[in-house]
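Chemist: Model the structure of this input:
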Amino acid sequence: MTPFGQKLRTMRAERGVTLKDMATALGVSPAYLSALEHGRRGAPTWYLVQRVITYFNVIWDEAEEIERLAQISHPRVVVDTSGLGPKATELANKFARQVGTLNEADIRALLDLLNERLRTAERRPRP
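Modeler: All right, here's what the predicted structure looks like:
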């Protein structure tokens, strides 16, 4: 399941909306919507994300969260290390092979480390 798929499923459950009803309202098939929720389809299009936001009538922060989750929800990620050093390529390859074996605590720790690195980089003044 992707972060976007999990959010979609949670919102449907909280509002008592069936997969079929939502799919009909969005103009997609229930099979497609189910595959999107379960991470068996690529990231949703911007257009579909906007229809989801409109369907659930969400605004501001929640709409931005849905858009952000859609951006980080492609289930088949490609990491291009061409032009980077050998350690970057080694890291990408090892991670790709091992990501399925990580437990939730390991995943959380790695995400925390990466998120802290991103926050630090965002605070640095640009030349």
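
Chemist: what's the longest helix in the chain?
Modeler: Scanning the chain for the helix with the most residues, using DSSP state H, yields helix 104-123.

Chemist: Show me how far that helix is from its chain's centre.
Modeler: Between the mean C-alpha location of helix 104-123 and the chain-wide mean there is a distance of 16 Å, by C-alpha atoms, centre = their mean, to the nearest Å.

Chemist: Next one: the spatially most central residue of the chain relative to Lys94, how far apart?
Modeler: With the centre of the chain defined as its mean C-alpha position, the nearest residue by C-alpha atoms, centre = their mean is Ser73, 2.4 Å away. Going from Ser73 to Lys94 by C-beta to C-beta, to the nearest Å gives 23 Å. (Each C-beta comes from the backbone N, C-alpha and C, glycine too.)

Chemist: Which strand or helix spans the residue nearest to the centre of the chain?
Modeler: No secondary structure element spans Ser73, as it lies outside all helices and strands (assigned by DSSP states H and E).

Chemist: roughly how far apart are it and Val58?
Modeler: Separation of Ser73 from Val58 (C-beta to C-beta): 17 Å.

Chemist: can you tell me which residues contact the residue nearest to the centre of the chain?
Modeler: In this structure, Ser73 makes contact with Thr2, Pro3, Phe4, Gly5, Gly39, Ala43, Pro44, judged by C-beta atoms under 8 Å, 6 or more residues apart in numbering.

Chemist: Okay, and which of those residues map to helices?
Modeler: Judged by DSSP H, helices contain the following of the contacts of Ser73: Pro3, Phe4, Gly5.

Chemist: contacting residues for the last one?
Modeler: Gly5 is in contact with Leu36, Glu37, His38, Gly39, Ser73, counting by C-beta under 8 Å, 6+ apart.

Chemist: ok, now how distant is it from Gly39?
Modeler: Taken as C-beta to C-beta, the spacing of Gly5 relative to Gly39 amounts to 6 Å.

Chemist: How about the second one?
Modeler: When C-beta to C-beta is applied, the distance between Phe4 and Gly39 equals 9 Å.
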